[in-house]
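Colleague: need a structure here:
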Amino acid sequence: MANASKRGTFRMLSSLALVSVLGTTVLAGCGNNSDNGNAGGNTGSANGGSKTEDSNFHQEGLPIVDQPITLNVLTIRWGSMGDTFTKNAWLQELEKQTNVKINWQVVSSNDWGDQKSVMLASGKLPDVIIGDIAFTNADIVNNLGIFRPLDEYIEKDMPNLKAAMAESPELKKLSTFPDGKIYSMPARLPSRPVSSVQPVINKQWLDKLGLKEPTTIDELYTVLKAFKEQDPNGNGKADEIPYSDSGDLDMNFLAPFGITDLRANHMVVKDGKTEYFPTSEAYKAGMEWAHKLYAEGLIDKETFTQDNTMLTAKRQNPDASLIGFTYQWTPDAVFGPWSKEYEAIAPIAGPDGKKYQLGEPNGMSYRRNEVLITTTNKYPDVTARWADQFYTGEASIQNFWGAIGTTIKKESDGTYTLMDPPDGTSADAWYWDGSLRDFGPKYASPEFEKNIKLDPTSGDGLKLQLDNLGKEFVTEPFPDVMYTSEEYADLPTLTTDIDSYIASTRAKWITKGGIAEEWDGYVKKLNEMGLEKLVKIYNDAFARYQELK
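Modeller: Here you go, the predicted model:
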């Protein structure tokens, strides 16, 4: 979960080159599909309208259709998770109640990259795509001809989603594409925190050395130095690593300097105005501070050369805990047998005396691109009404944790609690096995969430407890904007070279110093590489987003 809030940006950037090449081909290849998809036996007319006089379709109530129909629904699952979620009792009951049968097409994320390129190039798509991992903003914007605009269907076929958008306007803003239309359905996940990853420290080491939790960067420096020099793991070796990372320095390490990069695009918002932080004085100060720590051995010397496998081996070293400080979703996320030694702490105050926490003031709940209806779908009205069944509180929690009676217990007072997972299974793995979990349509309203009672000692309930440490310090993030097709064409060209240059200079400045002497030349070089054009793209998208209602 720690990187969930960033994954959309990373997937977007990795897909841009592909879609910019495929866009024209795909649109041409799908021209006939749109007509064929609206032929015989459908409930959508050729112009995307509805044929509500079709006696098989009911605009209200259940079943949605008298005679069963089948929809081909594609969804992507992480790694080897498989299709066990399709046994979810709520999903199976929905088929019976609606007469809409689902032919699930489940693809592993390991295989999806190649399969997606073939699918886009051929124009042969399923009726419905579920989950924002499948197609990025760029995929959709560059291939609008194969995805149905949904505004009309939301208005007449989706009272639950329409009401959700009225109650939480962020859903509509998030779902509105640059042309002003909605092509994908959003989600608001239940019981999500405001904070993203938080500072996590080895509490057992603190206690052994008689130290208090650090609250400022000066106190953090003192603690990390003690971790390095005073053998807190007690094995008689100088093997403690105060801080370590893989490939680069985690930008959350610079949070005390006001740098909270939720979208991983180097953009922050301060007092309602955007700023590209790699050219800011705050970033410069953060680099100087990080170099000081590195020079004194408080940042792992292998941070910029090791991969995640090497880092994991250090975090889960079998003989003794080795790592003192990190940023994680929860304290037990990465340390294996040493997990109980760690605890989350409040954000570290920076040079200005203020605390800054990565997160989303509206909650880490909102997602876009959770349902797409393709133009080859013969039953758009039916599909819209089927998808709308997911936008209730009970439906949402059953598609996030698992079905009532299987994973969730509905108490006599109307509240909901989670059952304990089977022996040998983690709670999170159990939820993924039995539900769509992070993916798919959902809407748990703030009012409904009051009825959800979670165990505060583990999983999602623990994260909500930890959220109290930092949520008052959460900064305003750069919003989850969308770009035009022209902007998507320019972004990879600009970001590839610019991001690489920023990363290489960051590694140099932290390991060898020299930022004061090289700063002006560095900024000049970035401008020569097209930084002004890149920032203009970000700012134009930001302005469009701010204008949305």
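
Colleague: C-alpha from now on. contacts and neighbour counts both.
Modeller: Will do.

Colleague: can you tell me which residues contact residue 351?
Modeller: 217, 256, 257 (CA atoms under 8 Å, 6 or more residues apart in numbering).

Colleague: got a pLDDT number for it?
Modeller: With respect to pLDDT, residue 351 scores 97.

Colleague: And the pLDDT for residue 160?
Modeller: With respect to pLDDT, residue 160 scores 98.

Colleague: Same question for residue 424.
Modeller: 88.

Colleague: Just name the shakiest helix or strand of this protein by mean pLDDT.
Modeller: Across the helices and strands of the chain, mean confidence by mean pLDDT, DSSP states H and E is lowest for helix 31-37: a mean of 35.

Colleague: before we move on, back to that, tell me which of the contacts of residue 351 fall in helices.
Modeller: Cross-referencing the contacts of residue 351 against helices under DSSP state H gives residue 217.

Colleague: got a winner among the contacts of residue 351 for most neighbours?
Modeller: Ranked by neighbour count (other CA atoms under 10 Å), the contacts of residue 351 have residue 257 at the top, with 26 neighbours.

Colleague: Quick one: residues contacting that one.
Modeller: 282, 283, 285, 286, 350, 351, 352, 356.

Colleague: Okay, and the fourth one sits in which element?
Modeller: Assigned by DSSP states H and E, residue 286 falls within helix 281-295.

Colleague: Return the distance of that helix from the chain's centre.
Modeller: Averaging C-alpha positions (CA atoms, centre = their mean, to the nearest Å) puts helix 281-295 28 Å from its chain's average.

Colleague: I'd like the next helix or strand past it.
Modeller: helix 308-315.

Colleague: that older thread, who does the helix holding residue 286 touch, helix- and strand-wise?
Modeller: Here helix 281-295 touches helix 485-512, helix 515-528, going by 3 or more CA pairs under 8 Å, 6 or more residues apart in numbering; DSSP states H and E.

Colleague: which parts of that helix are buried?
Modeller: In terms of neighbour count (16 or more other CA atoms under 10 Å), helix 281-295 has its buried residues at 282-294.

Colleague: can you check stretch 415-432 too?
Modeller: Of all the residues in stretch 415-432, those buried under the rule 16+ other CA under 10 Å are 416, 417, 418, 419, 427, 430, 431, 432.

Colleague: again, but for stretch 222-230
Modeller: For stretch 222-230, burial by neighbour count (16+ other CA under 10 Å) applies to 223, 224, 225, 226, 227, 228, 229, 230.

Colleague: Let's see which of the residues you listed end up in helices.
Modeller: 223, 224, 225, 226, 227, 228, 229.

Colleague: picking that back up, in a markdown table: the helices and strands packed on helix 281-295, plus mean neighbour count.
Modeller: Output for the helices and strands packed on helix 281-295, formatted as a markdown table (neighbours: other CA atoms under 10 Å):
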| stretch | mean neighbour count |
| --- | --- |
| helix 485-512 | 17 |
| helix 515-528 | 14 |
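
Colleague: circling back: save the contacts of residue 257 as CSV, and put in distance to residue 124 too.
Modeller: Shown next, in CSV, are the contacts of residue 257 (distance: CA to CA, whole Å):
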residue, distance to residue 124
282, 49
283, 47
285, 52
286, 49
350, 53
351, 56
352, 56
356, 47
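
Colleague: Taking the residues you listed together, which two end up most distant?
Modeller: 285 and 356 (15.4 Å; CA to CA).

Colleague: now residue 107, which residues is it bridged with?
Modeller: residue 76 (DSSP bridges).

Colleague: who's in contact with it?
Modeller: Shown in contact with residue 107 (CA under 8 Å, 6+ apart): 74, 75, 76, 77, 82.

Colleague: Closest to residue 195 out of those?
Modeller: residue 77 (25.2 Å).

Colleague: Please name the spatially closest residue to that closest one (chain neighbours excluded).
Modeller: Computed as CA to CA, 6 or more residues apart in numbering, the closest residue to residue 77 that is not its neighbour in sequence is residue 108, at 5.1 Å.

Colleague: pLDDT wise, what is that neighbour at?
Modeller: So residue 108 comes in at 97 (pLDDT).

Colleague: got it, and residue 1?
Modeller: 43.

Colleague: any chance of the contacts of residue 351 in JSON lines, with distance to residue 504 and pLDDT too?
Modeller: Shown next, in JSON lines, are those (distance: CA to CA, whole Å; pLDDT from 0 to 100):
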{"residue": "217", "distance to residue 504": "25", "pLDDT": "98"}
{"residue": "256", "distance to residue 504": "22", "pLDDT": "98"}
{"residue": "257", "distance to residue 504": "20", "pLDDT": "98"}
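
Colleague: Is it possible to get CSV of the contacts of residue 351 that adds distance to residue 494?
Modeller: Shown next, in CSV, are the contacts of residue 351 (distance: CA to CA, whole Å):
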residue, distance to residue 494
217, 34
256, 28
257, 26
